[in-house]
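Novice: 3D model of this:
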Amino acid sequence: MTAADTIHRGGCHCRRVRFEVDAPATIEALDCNCSICRMTGFLHLIVPATRFRLLTGEDALIEYRFNTGAARHLFCRHCGVKAFYVPRSHPDGFSVNVRCIDAGTIEDIAISAFDDNDRDTATAAVAHLSKA
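Specialist: Numbers count the residues shown, from 1 in each chain. Purely as a prediction, here's the structure:
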């Protein structure tokens, strides 16, 4: 955590899964147009693994993999919400759903597009996000 970071807390709808993530109060989020992100409305805050902490609910998580199997989509088995996951584009980090962060710690959100139709270019442009 840097001096400019805030501890954001959040989780799934039923609150069985809870996490903390160290990130600035002004969040730089990615809006991906791949099939699963588009269909679920996932808004990405990508962070290094060292900035993410699962507080409760590991036993409530179920995993879904598709296509290459590289991304680990983690859903609450009770309410079905994917509050975070390990993305294919950043296997050394986590992607937190900004929409699952509790109110009160986000000052602003800047949203950029992540074009899955040009995955290599889009991934290269944000590769730095999961580096500690």
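
Novice: residues contacting the residue lying closest to residue 109 once chain neighbours are set aside?
Specialist: Ranked by Cβ to Cβ, 6 or more residues apart in numbering and with sequence neighbours excluded, the top spatial neighbour of residue 109 is residue 27, at 4.9 Å. All C-beta atoms are positioned from the backbone trio N, CA, C, and that covers glycine. Neighbouring residues of residue 27 by Cβ atoms under 8 Å, 6 or more residues apart in numbering: 45, 98, 106, 108-110.

Novice: if any of those residues are buried, put those into a ChimeraX selection.
Specialist: Only the buried members of the contacts of residue 27 enter the following ChimeraX selection, criterion being 16 or more other Cβ atoms under 10 Å:
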select :45,98,106
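
Novice: please convert the contacts of residue 27 to a markdown table, extending it with distance to residue 16 and pLDDT.
Specialist: Below are these laid out as a markdown table (distance: Cβ to Cβ, whole Å; pLDDT from 0 to 100):
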| residue | distance to residue 16 | pLDDT |
| --- | --- | --- |
| 45 | 21 | 97 |
| 98 | 20 | 98 |
| 106 | 22 | 97 |
| 108 | 29 | 97 |
| 109 | 26 | 97 |
| 110 | 30 | 96 |
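
Novice: before we move on, which element is the residue nearest to residue 109 in?
Specialist: Per DSSP states H and E, residue 27 falls inside strand 26-32.

Novice: what about residue 95, how many neighbours?
Specialist: By the measure other Cβ atoms under 10 Å, the count of residues near residue 95 is 28.
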